[in-house]
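# I'll drop the sequence and a predicted model, then ask my questions.
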Amino acid sequence: MNDFQKYIQTYLGLVPTENWIMELKNSGTATSKTYADISATQANFAYADGKWNLKELLQHLIDAERIFAYRALRFARKDKTPLAGWDEEMYAESYFSEERSLESLITEFESVRQSSLIFFKDLNHEQLCQTGIANGNEISVETLGRLIVGHNIHHLKIIKERYLPFL
């Protein structure tokens, strides 16, 4: 297993069942509920210096999901153009989360998740099995969908362990 496979396996191993489409819905609902219980003031909390606040973390989930879904779209359509990686820290420098309301971020997250659900649930077996190169690594459409779920669950765990106890 190469480093990339080990890296994504940490996320894929968090998907609780084989029905990853259902888990895509469940993790989205859990994220929305978690954020609905956070006040606008609490949303600016970061558990340590240099760590993202809760609004930045939600924006990260939105960006990651959009990127993974875009890759899945390209590969499902048999586009074999290698896709570049992305630097999550560079993206975070451009969030300007202090200018966004928590409500607008929740709405955006829910819209992106609904779009992902519609896209992935209607892909057939051939489309789900298509692969492409992203960030120098081969990955399938289905794995990208599962990665959205595992990445989301990973960050929900961080929120529950490192943020919520201090709010």
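Good, I have the coordinates. Residues are numbered from 1 along each chain as shown.
# The chain: strands as residue ranges?
All strands of the chain, identified by DSSP state E, fall at 131-134, 137-140.
# could you dump these to CSV with distance to residue 149, mean pLDDT and mean neighbour count?
C-beta here means a position set from N, CA and C on the backbone, and glycine is covered the same way. Shown next, in CSV, are the strands of the chain (distance: least, CB to CB, whole Å; pLDDT from 0 to 100; neighbours: other CB atoms under 10 Å):
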stretch, distance to residue 149, mean pLDDT, mean neighbour count
strand 131-134, 17, 97, 18
strand 137-140, 14, 96, 16
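# Among those strands, which comes closest to residue 67?
Closest to residue 67 of these is strand 131-134 (CB to CB; 8.7 Å).
# Can you tell me which helices and strands that closest one packs against?
helix 54-76, strand 137-140 (3 or more CB pairs under 8 Å, 6 or more residues apart in numbering; DSSP states H and E).
# Just name the most buried of the ones you listed.
Compared across those, helix 54-76 shows the largest average neighbour count, a mean of 21 (mean count of other CB atoms under 10 Å).
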